[in-house]
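Q: Predicted model follows, preceded by the sequence.
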Amino acid sequence: MQSLNYTALRPSPLEPLRYTGGARLPAKKKLQFKVSASAAPKRETDPKKRVVITGMGLVSVFGNEVDAYYEKLLSGDSGISLIDRFDASKFPTRFGGQIRGFNSEGYIDGKNDRRLDDCLRYCIVAGKKALDGADLGGEKINKIDKIRAGVLVGTGMGGLQVFSDGVQALIEKGHRKITPFFIPYAITNMASALLAIDLGLMGPNYSISTACATSNYCFYAAANHIRRGEADLMIAGGTEAAIIPIGLGGFVACRALSQRNDDPQTASRPWDQERDGFVMGEGAGVLVMESLDHAMKRGAPIIAEYLGGAVNCDAYHMTDPRADGLGVSSCIHKALEDSGVSPEEVNYINAHATSTIVGDLAELNAIKKVFKNTSGIKINATKSMIGHCLGAAGGLEAIATVKAITTGWLHPTINQFNKEPSVDFDTVANEKQQHDINVAISNSFGFGGHNSVVAFSAFKP
């Protein structure tokens, strides 16, 4: 593979792509992140600016129901299996978190359902299910001010199947055989747009595409629209459908994936010494976020509270995180500051933890810079069971985080056979645990050095 020159921040050309989840530091002075002395953190009290979660919806390898999804996670079930959507026999990786038997009945009309890319179908179903949970399903959506309700569902890859089919049609049959839906269904903003068109929501509407950090970026931006008074309610999250030949092949080319074809269900093993790469997943995870004031006035079911978040960039490497963890640690600090939370208040972390050789440890090293006493913190990895759902990962993990808060049960990190000696956190290895969560954070990081952290807690009036 050809090397690319990237001289702005590195002293030498970028090495050929190899996603290991970590890289050596540039030969320059090491940066330091300093936390200035300040008053004790203070949470938001204005009901117009407090953001609460009133609905959750998903499409996952464990189905389309939030409670069933979390029960599978608590049971430690693996959703990883051999791919049968296409012939993967010639790929060095032949498995993933492939969704089977997806059913959109009652959420997408038949004509559209047949031609939409799965990325769009997953978004629409997850979004409408989230509204059902928020008591805004069907005609009830007409009770809110639609001009002040928006949609912000991002995706890392967009309509990849539609794009792939269009390229194939061009090469084999010429431009006249390209579907007129090629551009609309391939571009990343169309998931948010179609959901808004279907529901008539006229508030802020766009997509964010920051690779595997996408969903958390969307939560953060959606909450800020509410806090700035630009919206009362936002449907936010991520959607992804990349388990197709070009998607699988692309990550194989990056040398990013596990090749444990003989035992797919144990292939995703964050923090285990024998991990050999991540496992692709797919789906969608969506939250209904609204101001406390708006939720209270309409008598909404309040599930949890979004406390705050942060986003930043490593500014270092296309695929690898900074080995010194500066990007991640500073992002966590900023998220806690935005949330009005001290590090001592956090006692649960839903980690990014992709099962890459270096990335898993790089994340934990960054966390240790923020949380000096980790004895009371439990940390787990949803990806050990559903794989890495790319732009949808943060959405599905946010739902797992909120369910942990509301149920008092943490799902296990499965496939913990031989944990890295340096991992001194309680990783909830192999068996679920009861845990009274005070404040939880959920981490997501993406290619390009994109970091995102969001914080949640139980709602307290």
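A: Received it, and whenever you're ready, just let me know what you need.

Q: mind listing the strands for the stretch 351-461 of the chain?
A: 378-380, 409-410, 433-434, 439-446, 450-457 (DSSP state E, counting those that start in this stretch).

Q: could those go into a markdown table alongside mean pLDDT and mean neighbour count?
A: Heads up, the C-betas are built off the backbone N, CA and C, glycines and all. Putting these into a markdown table (pLDDT from 0 to 100; neighbours: other CB atoms under 10 Å) gives the following:
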| stretch | mean pLDDT | mean neighbour count |
| --- | --- | --- |
| strand 378-380 | 98 | 25 |
| strand 409-410 | 98 | 22 |
| strand 433-434 | 98 | 12 |
| strand 439-446 | 98 | 27 |
| strand 450-457 | 98 | 27 |
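
Q: right, and those strands - which one's nearest residue 390?
A: With CB to CB, the closest approach to residue 390 among the strands of the stretch 351-461 of the chain belongs to strand 439-446: 8.4 Å.

Q: in the least confident helix or strand in the chain by mean pLDDT, what's buried?
A: Across the helices and strands of the chain, mean confidence by mean pLDDT, DSSP states H and E is lowest for helix 110-115: a mean of 87. For helix 110-115, a neighbour-count test (16 or more other CB atoms under 10 Å) marks residue 113 as buried.

Q: how distant is it from the center of its chain?
A: Taking CA atoms, centre = their mean, to the nearest Å, one finds the center of helix 110-115 at 27 Å from the center of the full chain.

Q: Next secondary structure element downstream of it?
A: Using DSSP states H and E, the helix or strand that follows helix 110-115 in sequence is helix 118-133.

Q: so how far is that next one off the chain centroid?
A: For helix 118-133, the distance to the chain centre is 15 Å (CA atoms, centre = their mean).

Q: Compare the strands of the stretch 351-461 of the chain and give me the one nearest residue 241.
A: So among the strands of the stretch 351-461 of the chain, strand 439-446 is nearest, using CB to CB, at 17.1 Å.

Q: Can you get me the start-to-end distance on stretch 54-63?
A: 21 Å (CA to CA, to the nearest Å).

Q: Buried residues, that stretch. List them.
A: 54-63.

Q: of all the residues you listed, which two lie farthest apart?
A: 54 and 61 (25.4 Å).

Q: and of the buried residues of stretch 54-63, the nearest to residue 83?
A: Using CB to CB, the buried residues of stretch 54-63 come closest to residue 83 at residue 61, 12.0 Å.

Q: still on that earlier bit, now the strands of the stretch 351-461 of the chain in a markdown table, with distance to residue 417?
A: Compiled in a markdown table, the strands of the stretch 351-461 of the chain are given as follows (distance: least, CB to CB, whole Å):
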| stretch | distance to residue 417 |
| --- | --- |
| strand 378-380 | 16 |
| strand 409-410 | 19 |
| strand 433-434 | 18 |
| strand 439-446 | 23 |
| strand 450-457 | 29 |
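
Q: right, and those strands - which one's nearest residue 252?
A: Nearest of the strands of the stretch 351-461 of the chain (CB to CB): strand 439-446, 18.7 Å.

Q: So which elements touch that closest one?
A: helix 214-227, helix 326-339, strand 346-350, helix 393-407, strand 450-457 (3 or more CB pairs under 8 Å, 6 or more residues apart in numbering; DSSP states H and E).

Q: Are there helices or strands packed against the second one, and which ones?
A: In terms of contact count using 3+ CB pairs under 8 Å, 6+ apart, helix 326-339 is assigned the packing partners strand 304-313, helix 359-370, strand 439-446, strand 450-457.

Q: looking at the ones you listed, which is closest to residue 185?
A: So among the helices and strands packed on helix 326-339, strand 439-446 is nearest, using CB to CB, at 22.8 Å.

Q: care to break the protein down by domain?
A: 53-304, 310-457 (automatic domain parsing).

Q: Between its first and last residues, what's the separation in the last one?
A: This points to domain 310-457. End-to-end for domain 310-457, by CA to CA: 16 Å.

Q: ok, and what's touching the least confident helix or strand of the chain?
A: 104, 121, 179, 181, 185 (CB atoms under 8 Å, 6 or more residues apart in numbering).

Q: got the residues you listed as TSV, with pLDDT and neighbour count columns?
A: TSV is the format used below for the contacts of helix 110-115 (pLDDT from 0 to 100; neighbours: other CB under 10 Å):
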residue	pLDDT	neighbour count
104	95	19
121	97	23
179	95	13
181	95	15
185	95	23
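
Q: right, so of the helices and strands packed on strand 439-446, which gets closest to residue 199?
A: Closest of the helices and strands packed on strand 439-446 to residue 199 is helix 214-227, at 15.3 Å (criterion: CB to CB).
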